[in-house]
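**Q** Turn this into a structure:
(one chain, ligands or ions: 1)
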Amino acid sequence: MSAAIELRDLRKSFGPTEIIRGVDLQIEKGERHAIIGPNGAGKSTLFHLISGRYNLSGGAVHLHGEDISNLPPYEIYRKGLSRSFQVTNIFPNMSVFENVRCGLMWAKDYKYSFWHLVDREHDLNRKTAQVIEEIGLTSRQHIPAGVLTYAEQRALEIGISAAGGADVIMLDEPTAGMSHSETDQAIELIRKITDGKTLVMVEHDMGVVFDVADRISVLVYGEIIACDTPENIRNSKAVQEAYLGAEAED
Ligand SMILES: Nc1ncnc2c1ncn2[C@@H]1O[C@H](COP(=O)(O)OP(=O)(O)OP(=O)(O)O)[C@@H](O)[C@H]1O
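**A** Numbering: from 1, shown residues only. Take a look at the predicted model:
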């Protein structure tokens, strides 16, 4: 069976500088995979290459065995890969309900000319309500998304990422800026919402990474220097020297 995501000798240069320098990686179906690495290692760039935001300078990206290299983001999304961004990416003036429903509509390829029929789309509304319940925002569903707390906005974003039925979910720093208790809730939500799906996340909080991930890739200067279980990554001397050691000294 093919991997959910396979990266083959992936490369990205900005001008003369090669930022992603030949990344090979297989992420299995149903796996929760974290990408860690120091600031500027290229983690976000790698995300943008997989999700179609950046064109590749070399190599290939496969999704469930299909070559998706250089496809536009919306086509990759329709093929079942959904991603969130480091910066919250919701419509602040639309209600929580409308934000989720909008995500569902894009996923289902509704045309804009159908907007006037939206309220009659009972299925769509029911599914929207289901997603909102899963992310724990039912009591807040009619308020503008911009009024939610930061942690609620991130939960909404995770909900929208998963709502369209994507089977590969990519989350960029899902717990950034959260308190301990908000982080705990976010971990629970991530687990729930990615159950049975493939998760790829970039995360700086090592507690979250070691708690959630089945496997971890360590990216340093655009190269994966280790890809292993949390336990082996924690005990790897090379990783400690290149990355974790620096954190341990804090
Ligand atoms: N669009 C761009 N044009 C030029 N250089 C870029 C661009 N995007 C990223 N870079 C450079 O690529 C390198 C990797 O950046 P990237 O944001 O991918 O790292 P990161 O590992 O996600 O860092 P962080 O942990 O701080 O978010 C950095 O040196 C950055 O300046």
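**Q** So which residues on the protein come close to the ligand?
**A** Contact residues (CB under 6 Å from any ligand atom) of the chain with the ligand: 14, 19, 37, 39-45. Every C-beta, even on glycine, is put in place using the N, C-alpha and C of the backbone.
**Q** can you pull the contacts of R215?
**A** Counting by CB atoms under 8 Å, 6 or more residues apart in numbering, R215 makes contact with 27, 31-34, 227-230.
**Q** One more: A3?
**A** Contacts for A3 (CB under 8 Å, 6+ apart) come out as 26-29, 62, 64-65.
**Q** now swap in V208 and tell me
**A** 174-175, 183, 186-187.
**Q** Could I get the contacts of A3 in JSON lines, plus columns for pLDDT, secondary structure and neighbour count?
**A** Listed next are these as JSON lines, based on pLDDT from 0 to 100; DSSP: H, G, I helix; E, B strand; the rest coil; neighbours: other CB atoms under 10 Å:
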{"residue": "Q26", "pLDDT": "98", "secondary structure": "strand", "neighbour count": "16"}
{"residue": "I27", "pLDDT": "98", "secondary structure": "strand", "neighbour count": "23"}
{"residue": "E28", "pLDDT": "97", "secondary structure": "coil", "neighbour count": "15"}
{"residue": "K29", "pLDDT": "97", "secondary structure": "coil", "neighbour count": "15"}
{"residue": "H62", "pLDDT": "98", "secondary structure": "strand", "neighbour count": "17"}
{"residue": "H64", "pLDDT": "96", "secondary structure": "coil", "neighbour count": "18"}
{"residue": "G65", "pLDDT": "96", "secondary structure": "coil", "neighbour count": "10"}
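**Q** how many other residues sit next to the nearest residue to K127 once chain neighbours are set aside?
**A** Distances taken as CB to CB, 6 or more residues apart in numbering place L104 nearest to K127, at 5.9 Å, with adjacent residues excluded. The number of residues packed near L104 is 21, by other CB atoms under 10 Å.
**Q** Would you check that L104 makes contact with Q130?
**A** No - checked against CB atoms under 8 Å, the pair L104 and Q130 is beyond contact range at 10.0 Å.
**Q** ok, so what distance separates the residue nearest to K127 from the ligand?
**A** 29 Å (CB to the nearest ligand atom, to the nearest Å).
**Q** Kindly report the same for L10.
**A** Separation of L10 from the ligand (CB to the nearest ligand atom) stands at 13 Å.
**Q** ok, the nearest residue to H62 once chain neighbours are set aside - contacts?
**A** In space, and not counting its chain neighbours, H62 is closest to E6: 4.2 Å by CB to CB, 6+ apart. Residues in contact with E6 (CB under 8 Å, 6+ apart) are 25-27, 61-62, 65.
**Q** a markdown table for the residues you listed, including distance to T194?
**A** Shown next, in a markdown table, are these (distance: CB to CB, whole Å):
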| residue | distance to T194 |
| --- | --- |
| L25 | 18 |
| Q26 | 18 |
| I27 | 13 |
| V61 | 20 |
| H62 | 20 |
| G65 | 21 |
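**Q** still on that earlier bit, list just the nearest of the contacts of V208 to L148.
**A** Nearest to L148 out of those is A186 (CB to CB; 13.7 Å).
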